[in-house]
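Q: Return atomic coordinates for the entry below.
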Amino acid sequence: MRAFFPILLIVAAPGAARDAAPTTTAEHARRAAHARAVTITRDDWGIAHIEGRTDADAVFGMIYAQAEDDFPRIEANYLAALGRTAEAEGPGAIWADLRARLWNDPAELRRDHARSPAWLRRLTTAWADGLNHYLATHQQVRPRVLGRFEPWMALAFTEGSIGGDVERVPLSQLRSFYGRRAVAWTPRERGLVAAEPGGSNGIAIGPRLSASGHPLLLINPHTSFFFRAEQQVTSGEGLNAYGAATWGQFFIYQGWNATAGWMHTTSGVDAVDEFAETIVRRGDRAFYRHGAAERLVEVRPVTIRFRGADGRIAERRFATYRTHHGPITRAEDGRWIATALMHRPVAALEQSYLRTKARDFGAFVRVARRRANSSNNTLFADARGTTALLLPQFVPRRDARFDYARPVDGSDPAADWRGLHPLAELPQVVDPRTGWVVNTNNHPWSAAGPDSPSAAAYPRYMDGFGENPRGLHALTLLGRAKAVTLPDLIDLAYDPALPAFDILLPALFAAHDALPPADPRRARLAAPIAALRGWDRRWSAASTETALAVFWAEALWAATTAPNPPAGLARYELAARAPAAVQLAALDAAVARLTRDFGGWRTPWGEINRFQRLTGDRVQPFSDAAPSIPVPFTSAQWGSLAAFGAKSWPGTKRYYGTLGNSFVAAVEFGPRVAARAVSAGGQSGDPRSPHFTDQARRYAGGRLRPVYFHPDELKGHVERRYRPGE
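A: The predicted structure follows:
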C-alpha cells in the first residue's frame, strides 16, 4: 500500500536557510559573564583544558574551544541531527533529513526543553551561548546554515556514538514510501557490502591482575577519523572530566575523571524493532488494526528545506505517518512498517552529562537508572577497585514467541513492547574473579572468561552480534595476562596477531593441497601459498605476507558476502567454508592485483596501507602523489585490536584509512590518575595549525603520549592561556 498524500515544492529567496537573530542585551551580558569566568589553556598538543567557575561556565568554554578547533564538524553534526543538511548540500540530503525529522521535531524539542530540569537548561543555554559567542568573535567564519544556535537544539544530539539508532532506517525504502516511487534496496542495506566494523574495544583490568594493585582501563573507540575532540573540562562544582567529546556535544563521551573512567562500545542488544501495520482506509483517513480495534494513523506534516543548484532555497513538504509503535518508515508486502526506537532526549542528555561526574561505580549506576542509553555497552573502572561491563539500559521487554529480528505483526497486541527491563534483569559483569573484563562489540557471554554471564539465562534479544575475531584475540591475550602495567595494557591494545587468518587460511591450504599435480594453479600459486604457510599471522609494516593475506581475504569476502547468513554463523566463518575453487580464485585475484598495482605480490604492507590528511574537509581527498605515513595495523575484520579501516580511493592504488583507531587512551586509577593517549592526526581541523597532523606518526606507531590531567603535569607544557573571545 502506497502513501496517499501530496508533496509540494515552494521556492524561496536565495540564502533563506541561513539562521540569524539579533543578540538580546541579556544574552550579551550572559556571554560576557561566562567569558570572564572561563580560562582555556592549550597544551603543547593543542588540547584544550577548560576551567570554569560553574558547570555552565565550563560548558560555555568547552564548546567554544571545540568551535575553535573545528566549527564545520560541529555544524555538520547538528545539521544532520536537526534534519537540515539539505539546506547546505542540496536535494541529495532530503531523505536523510526526513528520517531525522521523523523523531527530532523542532516544536517537540522546544517543549521538551522548556520542561527539562533547571540545571540542564542552564547547561544548554551556556552551550548555545558558547557557540554564538564564537561566531560573534570570529566574523570570518561563515556557517553554511546555522548562524545562530538555540538551547533546545542540544536535545537533538544527545548520544555521542558514531551514528544513532535512527540510522538503522534504510533511506532507500524511506524514499520509496514517502517519495511515492519504487526504490531498490542498496547493496549496503542488504548486507552485500563487506564494511569495516564500527564500534570499539574496551578492557578493564582489576586490582588483582594489575601490577600496582590499581585498576586500569583501555579506551579504544573505532570511529571515523577526526570525529571527536580531546578535551579536559573542570569547574568549581565538581566537574573534572578528560577524554573524547563528539564535536558539538558538551560532555566527555569516552574518558575519565579523577576517580572513575568509562569506555563505550557498540552493543548487540536489540533496541530497535519494526512493526508491520495492517492499514485500513476510510475516506481520506488511514487506520491501523490493533487487536480487535482500529486506531487512527497519526499524520504529521514535515517541511524539508533544500538548496538548489542555483543557490535558491526550496521546500518539500511531506505528510508523515505514525502509529503508537513509531513513525512509518517503509512498506513491505502491502503493510506499512513502523520503526520503534528510543527517543528520550532529555533523559539521554542528562545521563550523558551526569555520568561524567560519577566518582565511583555506585554513582555511575544511579545515573544509569534513567535508562536512556540504547546502544552502548560500558566498560568501567574506578579508584575503589571496581571494574565492570554494563549493557545498554534501554532494553524493551518483549514476548519470546516473536522473532524481533524481522518485522513483527503490529496488529497483535502481544507483540508490543512491555516496558523496559529493570537494570537487575540485564547481563552485566562486576569485579570478576578473572580480574579482567572486555568487550569488542561481541556478545557479553565471554566478557570475563569463565566469570561471564550465561546466554541461557537471558532472552535472545540481549545480543545480536555473537563473537568476532577481535574478541577471540583479546580473550587469548587476557587469559595469559599477569601483573599488568599501564605499558603492558598499551602493548596488548597493539598486539599484532590477526586471528581471523587462523580460521580462514586452513581452507585455502587444503584447497591448494587437493589440486591435481597437472593443474596449472598448483604451480602458479605455490610460492604465494608457501609464503602464507610460513607467515606468523602478525601484522607489520615490513610484512609482505600481511599484504597478500589481506588482499586474498578481501577478494574472498567479496565473493562470499550474502544477506542473512545462516543463524549463528559469522561472516568470517562463512568465508572459511567457501568452495575450494572460490578460495583459489581469490588468491589468484590478490596476486594479480598486487602485481598490477604495486609491481609484485611481495609488497610490504606499509607501502600499501597509509595515513594521510591533506585538508580539513569532512570527506577527505587522497593522493598517491602526496605525503603519507605507513600504518602497520589492519582492518578490524581480521582480528586486529588496533583497527585501521582503509581502502583504495578514486585515483589511488594505495590504501588510505578513514576509520578505526581514532582516540586511544590507557588510564590507571591510583592515588592519582595516570594516563597516556593519542588521536588520529591531531587536535585541530585547520591545515594551517601545527596540531593538524602532529600526532600522526605517534598514531601510526602506537606511541601514546603523556596526558596532562593534573595541573602540575600541565606546567611546562602550556602553549597558550586565554579567555573565550580574546
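
Q: residue nearest the centroid of this protein?
A: Nearest residue to the geometric centre of the chain (CA atoms, centre = their mean): residue 162, 2.6 Å.

Q: list the contacts for the closest residue to residue 680 other than its chain neighbours?
A: Of all residues not flanking residue 680 in the chain, residue 225 sits nearest, at 4.4 Å (CB to CB, 6 or more residues apart in numbering). Quick note: C-beta positions are derived from backbone N, CA and C, even for glycine. Listed by CB atoms under 8 Å, 6 or more residues apart in numbering, the contact partners of residue 225 are 613, 620, 657-660, 662, 680-681.

Q: quick check, nearest of the residues you listed to residue 673?
A: Closest to residue 673 out of the contacts of residue 225 is residue 662 (21.4 Å), distances taken as CB to CB.

Q: Run through the stretch 551-700 of the chain and note the low-pLDDT ranges.
A: For the stretch 551-700 of the chain, applying pLDDT under 70 flags the ranges 563-569.

Q: What are the contacting residues of the helix or strand hosting residue 51?
A: Residue 51 belongs to strand 48-52 when assigned by DSSP states H and E. Identification of contacts with strand 48-52 by CB under 8 Å, 6+ apart yields 34, 37-43, 58-62, 65-66, 68-69, 229, 231-236, 683, 708, 714.

Q: What separation do you get for the residue of the chain positioned farthest from its centre and residue 241?
A: Here the centre of the chain is the reference, and by CA atoms, centre = their mean the most remote residue is residue 518, at 50.8 Å. To residue 241, residue 518 is 68 Å away according to CB to CB, to the nearest Å.

Q: what does residue 118 give?
A: Residue 118 is 22 Å from residue 241, by CB to CB.

Q: Give the full set of residues in contact with residue 457.
A: Shown in contact with residue 457 (CB under 8 Å, 6+ apart): residue 427.

Q: Show me what the longest helix along the chain is packed up against.
A: Longest helix in the chain, counting residues (DSSP state H): helix 55-82. Identification of packing neighbours for helix 55-82 by 3 or more CB pairs under 8 Å, 6 or more residues apart in numbering; DSSP states H and E yields helix 25-36, strand 38-43, strand 48-52, helix 94-101, helix 118-137, strand 228-235, strand 240-246.

Q: in the chain, which strand has the most residues?
A: Longest strand of the chain, by residue count under DSSP state E: strand 312-323.

Q: circling back: partners of the strand holding residue 51, with directions?
A: strand 38-43 (antiparallel), strand 228-235 (parallel) (DSSP bridges).

Q: Now it: average pLDDT?
A: The average pLDDT for strand 48-52 rounds to 98.

Q: can you check stretch 496-503 too?
A: Across stretch 496-503, pLDDT averages out at 97.

Q: And for it, what's in contact with it?
A: With CB under 8 Å, 6+ apart as the criterion, stretch 496-503 contacts 469, 472-473, 476, 535, 537-540, 546, 549, 553, 572-573, 576, 632-634, 637-640.

Q: Confirm for me that residue 357 is in contact with residue 235.
A: No: the pair residue 357 and residue 235 does not pass the contact test of CB atoms under 8 Å, sitting 9.5 Å apart.

Q: out of the two, which sits in the busier spot?
A: residue 235 (23 against 19; other CB atoms under 10 Å).

Q: who's in contact with that one?
A: Taking CB under 8 Å, 6+ apart as the test, what residue 235 contacts is 51-55, 57-58.

Q: bridging residues for it?
A: residue 52.

Q: how big is the angle separating the longest strand of the chain from helix 94-101?
A: Our comparison of strand 312-323 with helix 94-101, counting by axes from the mean of the first three to the mean of the last three CA atoms, to 10 degrees, yields an angle of 50 degrees.

Q: Can you name the element that comes right after strand 312-323?
A: Taking DSSP H and E, what comes next after strand 312-323 is strand 326-332.

Q: Now do the following helix or strand past that following strand: which elements does it pack against?
A: Note on strand 326-332: by DSSP H and E, the next helix or strand toward the C-terminus is strand 335-340. Under the contact criterion of 3+ CB pairs under 8 Å, 6+ apart, strand 335-340 touches strand 273-277, strand 312-323, strand 326-332.

Q: Make CSV out of these and add distance to residue 219 and mean pLDDT.
A: Below are the helices and strands packed on strand 335-340 laid out as CSV (distance: least, CB to CB, whole Å; pLDDT from 0 to 100):
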stretch, distance to residue 219, mean pLDDT
strand 273-277, 31, 98
strand 312-323, 38, 97
strand 326-332, 33, 98
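
Q: Against residue 41, how distant is residue 133?
A: The value you get for residue 133 to residue 41, if CB to CB is used, is 18 Å.

Q: Which residue of those two possesses the greater neighbour count?
A: Applying other CB under 10 Å to residue 133 and residue 41 shows that residue 133 carries more neighbours, namely 26 against 20.

Q: who touches that one in this structure?
A: With CB under 8 Å, 6+ apart, residue 133 has these contacts: 31, 34-35, 60, 64, 724-725.

Q: Could you save the helices and strands packed on helix 55-82 as JSON lines and add columns showing distance to residue 272?
A: Formatted as JSON lines, those follow (distance: least, CB to CB, whole Å):
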{"stretch": "helix 25-36", "distance to residue 272": "38"}
{"stretch": "strand 38-43", "distance to residue 272": "39"}
{"stretch": "strand 48-52", "distance to residue 272": "35"}
{"stretch": "helix 94-101", "distance to residue 272": "13"}
{"stretch": "helix 118-137", "distance to residue 272": "26"}
{"stretch": "strand 228-235", "distance to residue 272": "24"}
{"stretch": "strand 240-246", "distance to residue 272": "20"}
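
Q: Which of the ones you listed sits closest to residue 433?
A: Checking these against residue 433 by CB to CB gives strand 240-246 as the closest, at 29.0 Å.
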